[in-house]
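*Asks:* Model the structure of this input:
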Amino acid sequence: MVDKLGAEGFMKELSNGFRLLMDGDKGMITFESLKRNLTLLGLQYMSDEEVVCMLREGDLNGDGALDAMEFCTLMFRLSPILMESSRTLLVEALVNEM
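*Replies:* Numbering: from 1, shown residues only. Okay, here's the model as predicted:
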(Lines give C-alpha, C1' and ligand atoms only; values in the text may rest on other atoms or scores of the structure.)
Protein backbone atom coordinates (compact mmCIF):
# COMPACT_ATOMS: atom_id res chain seq x y z
CA MET A 1 0.00 0.00 0.00
CA VAL A 2 2.80 2.40 0.87
CA ASP A 3 4.58 1.59 -2.37
CA LYS A 4 1.40 2.31 -4.31
CA LEU A 5 0.50 5.59 -2.55
CA GLY A 6 3.91 6.95 -1.64
CA ALA A 7 4.63 8.54 1.74
CA GLU A 8 2.42 11.58 1.30
CA GLY A 9 -0.52 9.59 -0.06
CA PHE A 10 -0.23 6.99 2.65
CA MET A 11 -0.16 9.62 5.42
CA LYS A 12 -3.22 11.19 3.82
CA GLU A 13 -5.02 7.84 3.98
CA LEU A 14 -4.13 7.48 7.67
CA SER A 15 -5.44 11.00 8.26
CA ASN A 16 -8.67 10.12 6.47
CA GLY A 17 -9.05 7.05 8.66
CA PHE A 18 -8.52 9.14 11.77
CA ARG A 19 -11.13 11.70 10.69
CA LEU A 20 -13.59 8.91 9.95
CA LEU A 21 -13.31 7.54 13.49
CA MET A 22 -12.88 10.74 15.49
CA ASP A 23 -15.41 12.67 17.52
CA GLY A 24 -15.99 15.78 15.40
CA ASP A 25 -16.44 18.04 18.42
CA LYS A 26 -13.38 16.83 20.33
CA GLY A 27 -11.08 16.21 17.36
CA MET A 28 -9.98 12.89 18.85
CA ILE A 29 -11.01 9.25 18.73
CA THR A 30 -12.96 8.72 21.93
CA PHE A 31 -14.58 5.62 23.37
CA GLU A 32 -17.95 6.84 22.11
CA SER A 33 -16.77 7.69 18.60
CA LEU A 34 -14.91 4.40 18.24
CA LYS A 35 -17.86 2.40 19.58
CA ARG A 36 -20.19 4.24 17.17
CA ASN A 37 -17.94 3.45 14.17
CA LEU A 38 -17.02 -0.17 14.90
CA THR A 39 -19.29 -1.39 12.10
CA LEU A 40 -17.14 0.51 9.58
CA LEU A 41 -14.19 -1.55 10.79
CA GLY A 42 -16.10 -4.84 10.76
CA LEU A 43 -15.77 -4.98 14.55
CA GLN A 44 -19.37 -4.35 15.59
CA TYR A 45 -19.31 -7.28 18.04
CA MET A 46 -16.50 -5.91 20.22
CA SER A 47 -17.34 -5.53 23.88
CA ASP A 48 -16.93 -2.24 25.70
CA GLU A 49 -13.94 -3.72 27.51
CA GLU A 50 -12.26 -4.59 24.19
CA VAL A 51 -12.86 -1.05 22.90
CA VAL A 52 -11.29 0.40 26.06
CA CYS A 53 -8.29 -1.93 25.61
CA MET A 54 -7.91 -0.79 22.00
CA LEU A 55 -7.88 2.84 23.09
CA ARG A 56 -5.41 2.15 25.90
CA GLU A 57 -3.08 0.43 23.44
CA GLY A 58 -2.60 3.66 21.52
CA ASP A 59 -3.18 6.27 24.24
CA LEU A 60 0.35 7.53 24.84
CA ASN A 61 -0.53 10.59 26.93
CA GLY A 62 -3.11 8.89 29.16
CA ASP A 63 -6.07 11.12 28.35
CA GLY A 64 -8.33 8.19 27.39
CA ALA A 65 -8.58 9.13 23.71
CA LEU A 66 -6.42 9.02 20.58
CA ASP A 67 -5.19 12.14 18.85
CA ALA A 68 -4.00 11.97 15.24
CA MET A 69 -0.37 11.23 16.16
CA GLU A 70 -1.34 8.47 18.59
CA PHE A 71 -3.62 6.94 15.95
CA CYS A 72 -0.87 6.94 13.30
CA THR A 73 1.64 5.54 15.78
CA LEU A 74 -0.77 2.77 16.72
CA MET A 75 -1.41 1.89 13.07
CA PHE A 76 2.34 1.56 12.47
CA ARG A 77 2.84 -0.53 15.63
CA LEU A 78 0.01 -2.92 14.73
CA SER A 79 1.20 -3.58 11.21
CA PRO A 80 4.59 -5.26 10.66
CA ILE A 81 4.46 -4.29 6.99
CA LEU A 82 4.04 -0.64 7.94
CA MET A 83 6.92 -0.91 10.39
CA GLU A 84 9.16 -2.21 7.62
CA SER A 85 8.11 0.65 5.39
CA SER A 86 8.36 3.34 8.06
CA ARG A 87 12.06 4.02 7.41
CA THR A 88 11.33 4.57 3.73
CA LEU A 89 8.43 6.87 4.60
CA LEU A 90 10.55 8.88 7.00
CA VAL A 91 13.34 9.35 4.47
CA GLU A 92 10.87 10.31 1.74
CA ALA A 93 9.11 12.81 4.03
CA LEU A 94 12.41 14.38 5.06
CA VAL A 95 13.55 14.69 1.47
CA ASN A 96 10.24 16.35 0.53
CA GLU A 97 10.66 18.87 3.37
CA MET A 98 14.11 19.98 2.20
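
*Asks:* My read is that residue 20 contacts residue 38, right?
*Replies:* No: taking contacts as C-beta atoms under 8 Å, residue 20 lies outside contact range of residue 38: 11.9 Å. All C-beta atoms are positioned from the backbone trio N, CA, C, and that covers glycine.

*Asks:* show me where this protein has strands.
*Replies:* For the chain, no strands are identified by DSSP state E.

*Asks:* Pick out the residue nearest the middle of it.
*Replies:* residue 71 (3.1 Å; C-alpha atoms, centre = their mean).

*Asks:* what sits against it?
*Replies:* By C-beta atoms under 8 Å, 6 or more residues apart in numbering, the contact list for residue 71 reads 14, 17, 18, 21, 29, 58.

*Asks:* got a list of what the second one touches?
*Replies:* With contact taken as C-beta under 8 Å, 6+ apart, residue 17 is in contact with 71, 75.

*Asks:* Distance-wise, check it relative to residue 47.
*Replies:* Here residue 17 is placed at a distance of 22 Å from residue 47 (C-beta to C-beta, to the nearest Å).

*Asks:* same deal with the third one?
*Replies:* When C-beta to C-beta is applied, the distance between residue 18 and residue 47 equals 23 Å.

*Asks:* any idea how far residue 67 is from residue 23?
*Replies:* 11 Å.

*Asks:* quick one: which of those two has more around it?
*Replies:* residue 67 (19 against 16; other C-beta atoms under 10 Å).
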